[in-house]
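> next come a sequence and a model predicted from it.
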Amino acid sequence: MKVINTHIDVVKIIEPTVFGDDRGYFCETWHQQRFEHLVTAKPCVFVQDNHSMSVKGTLRGLHFQRQQTQGKLIRVTSGQVFDVAVDLRSGSTTYGQWVGEILSAENQRQLWVPAGFAHGFFVLSDKAECLYKCTDYYHPQSEECIQWNDPTLNIQWPLNGIAPKLSAKDTQGKKFTETGAL
Ligand SMILES: Cc1cn([C@H]2C[C@H](O)[C@@H](COP(=O)(O)OP(=O)(O)O[C@H]3O[C@H](C)C(=O)[C@H](O)[C@H]3O)O2)c(=O)[nH]c1=O
């Protein structure tokens with residue numbers, strides 16, 4: 001597996017080794033020892049796996065839990081998304097900065113979004129399935145949402161003229177400046 005740095009030091013892109021042959025392909029999508037050695041440099045335990053399917057133009061996010069903050073390892077098994085992580089860590093030199101990466105079934109790329117970040121994605125393909133491992137459990141009581149088009153964050157979503165499909169919750173996201181660090 002290959003680990004690619006981003007401009008936020010703890011956010012990493014992971015490219016698993018894909019073994020193709022005339023039947024198709026095989027790849028290891030999760031390897032505890034390798035991940036801890038090459039990505040987190042410390043123990044990392046996932047306790048919950050999520051799977052969401054979204055139609056074209058869906059934008060889920062920007063979400064985080066203020067308690068039980070979740071690290072997430074995201075991959076796409078069908079379609080293509082623009083996946084975004086926003087640094088909310090108190091005292092971080094990259095606080096308020098974001099990383100955006102295209103994850104797709106084709107590029108097999110994964111994004112490691114540590115605890116302390118907001119997460120969201122925009123669906124570029126007709127349909128996309130996202131599978132992600134979480135380092136803590138769902139805690140709806142402390143779940144918060146930052147508005148996807150917050151002017152301070154100024155995330156350059158590749159909308160391509162599409163008005164994003166949002167959940168009711170995501171239409172009422174907070175301003176980044178009103179959110180406060182984790
Ligand atoms: C996140 C979650 C949701 N749910 C239930 C609650 C709702 O009845 C239903 C849909 O939830 P929601 O609309 O919050 O789903 P998303 O908009 O995909 O939320 C996720 O979107 C961004 C991209 C994330 O990174 C988070 O994992 C999460 O916030 O699933 C659960 O039962 N467990 C869960 O862990």
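Happy to help now that I have it.
> quick one, helices of this structure?
With helices called from DSSP state H, the chain shows them at 32-35.
> let me know the outermost residue of it.
The C-alpha centroid of the chain is most remote from Asp22, which lies 32.1 Å away (C-alpha atoms, centre = their mean).
> what sits against that one?
With contact set as C-beta atoms under 8 Å, 6 or more residues apart in numbering, Asp22 has no partners. For the C-beta atoms, the positions are set from N, CA and C on the backbone; glycine is no exception.
> also the one 5 residues further on?
Each residue near Cys27 by C-beta under 8 Å, 6+ apart is listed here: 16-19, 108.
> report the buried members of those.
16, 108 (16 or more other C-beta atoms under 10 Å).
> kindly indicate which of the contacts of Cys27 lies nearest Asp150.
Nearest to Asp150 among these, counting by C-beta to C-beta, is Gln108 at 30.2 Å.
> looking at the contacts of Cys27, which are in strands?
Those of these mapping onto strands are 18-19, per DSSP state E.
> which pair in the contacts of Cys27 spans the largest distance?
Pairwise distances across the contacts of Cys27 (C-beta to C-beta) peak at 11.4 Å, for the pair Phe19 and Gln108.
> contacting residues for Thr77?
Here Thr77 is in contact with 105, 129-131 (criterion: C-beta under 8 Å, 6+ apart).
> please name the nearest non-neighbouring residue to His139.
Of all residues not flanking His139 in the chain, Gln68 sits nearest, at 4.1 Å (C-beta to C-beta, 6 or more residues apart in numbering).
> returning to that earlier point: let's see which of the contacts of Thr77 end up in strands.
Assignment to strands by DSSP E places the following of the contacts of Thr77 there: 129-131.
> which of the residues you listed tops the neighbour count?
For the ones in strands among the contacts of Thr77, the largest neighbour count, defined by other C-beta atoms under 10 Å, is 22 neighbours, found at Cys130.
> show the contacting residues for Asp87.
When contacts are counted by C-beta under 8 Å, 6+ apart, Asp87 touches 8, 11, 94-98, 116-117.
> drop anything exposed from the residues you listed.
Buried subset of these (neighbour count, 16+ other C-beta under 10 Å): 8, 11, 94, 96, 98, 116-117.
> let me know the closest of those to the ligand.
Set against the ligand, the nearest of the buried ones among the contacts of Asp87 by C-beta to the nearest ligand atom is Phe117 (9.4 Å).
> tell me the bridge partners for that closest one.
Asp87 (DSSP bridges).
> from Cys27, how far out is it?
25 Å (C-beta to C-beta, to the nearest Å).
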